[in-house]
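Novice: I would like the atomic coordinates for the input below:
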Amino acid sequence: MIDPRRLKKWLIVAAVAYLIFPRDLVPDFIGRGLGYIEDVILISLATYYYRVYQRRYVAHTASSERQQRRDEEASTTGSEKSFDPYEVLGIARSATGEDIQAAYRARMREYHPDKVAHLGEELQKLAHDKAVEIQQAYRKLVG
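Specialist: Sure thing, here's the model as predicted:
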């Protein structure tokens, strides 16, 4: 996508050229300012197009940044192949749904951030990261 600032410059150049250029759809010398009405309409359409384009550009940029953040988070937590939800929850691969839920609850009791709120910031962050990992493992196994 074109940067909106660059588009704005080109639209301004085109508008000025259109105003100066002697040939218009409706000549400027006809009637009392009738030719200028068409100029105003075309410049208004260019302004409208620019604003719509700018909104789309911002939305596109924001979605690209969100996707980039998701990719960075996925790369920092490790690859999906090395993430073993059974290992995170400390259960066997043959565990039933009840076993998975019981292991999830037991692990969350150990690492829930509220349980370590009285400890230092480093331990709180570590517990938070571990709790997030446990939740991801549980979600992957359950549904």
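Novice: name the helices or strands packed onto the least confident helix or strand in the chain by mean pLDDT?
Specialist: Here the helix or strand of the chain ranked lowest by mean pLDDT, DSSP states H and E is helix 34-76, holding a mean of 81. Contact here means 3 or more C-beta pairs under 8 Å, 6 or more residues apart in numbering; DSSP states H and E; on that basis helix 34-76 packs against helix 4-20. Every C-beta, even on glycine, is put in place using the N, C-alpha and C of the backbone.
Novice: helices or strands up against the helix it packs on?
Specialist: Applying 3+ C-beta pairs under 8 Å, 6+ apart, one finds that helix 4-20 contacts helix 34-76.
Novice: buried stuff in whatever helix or strand comes next after the helix it packs on?
Specialist: Proceeding C-terminally, helix 34-76 gives way to helix 85-89 as the next helix or strand, assigned by DSSP states H and E. Buried positions in helix 85-89, judged by neighbour count with 16 or more other C-beta atoms under 10 Å: 85, 86, 88, 89.
Novice: now helix 85-89: mean pLDDT?
Specialist: Across helix 85-89, pLDDT averages out at 90.
Novice: what angle do helix 4-20 and the least confident helix or strand of the chain make with each other?
Specialist: Per axes from the mean of the first three to the mean of the last three C-alpha atoms, to 10 degrees, the angle that helix 34-76 makes with helix 4-20 is 170 degrees.
Novice: mind listing what's buried in stretch 135-143?
Specialist: Going by neighbour count (16+ other C-beta under 10 Å), the buried part of stretch 135-143 is 137, 138, 141.
Novice: what's that stretch in contact with?
Specialist: Contacts of stretch 135-143 with the rest of the structure, by C-beta atoms under 8 Å, 6 or more residues apart in numbering, involve 83, 85, 86, 88, 89, 97, 100, 101, 104, 108.
Novice: before we move on, the earlier item: need the buried residues of helix 85-89 in JSON lines (columns: distance to residue 132).
Specialist: JSON lines is the format used below for the buried residues of helix 85-89 (distance: C-beta to C-beta, whole Å):
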{"residue": "85", "distance to residue 132": "13"}
{"residue": "86", "distance to residue 132": "17"}
{"residue": "88", "distance to residue 132": "11"}
{"residue": "89", "distance to residue 132": "14"}
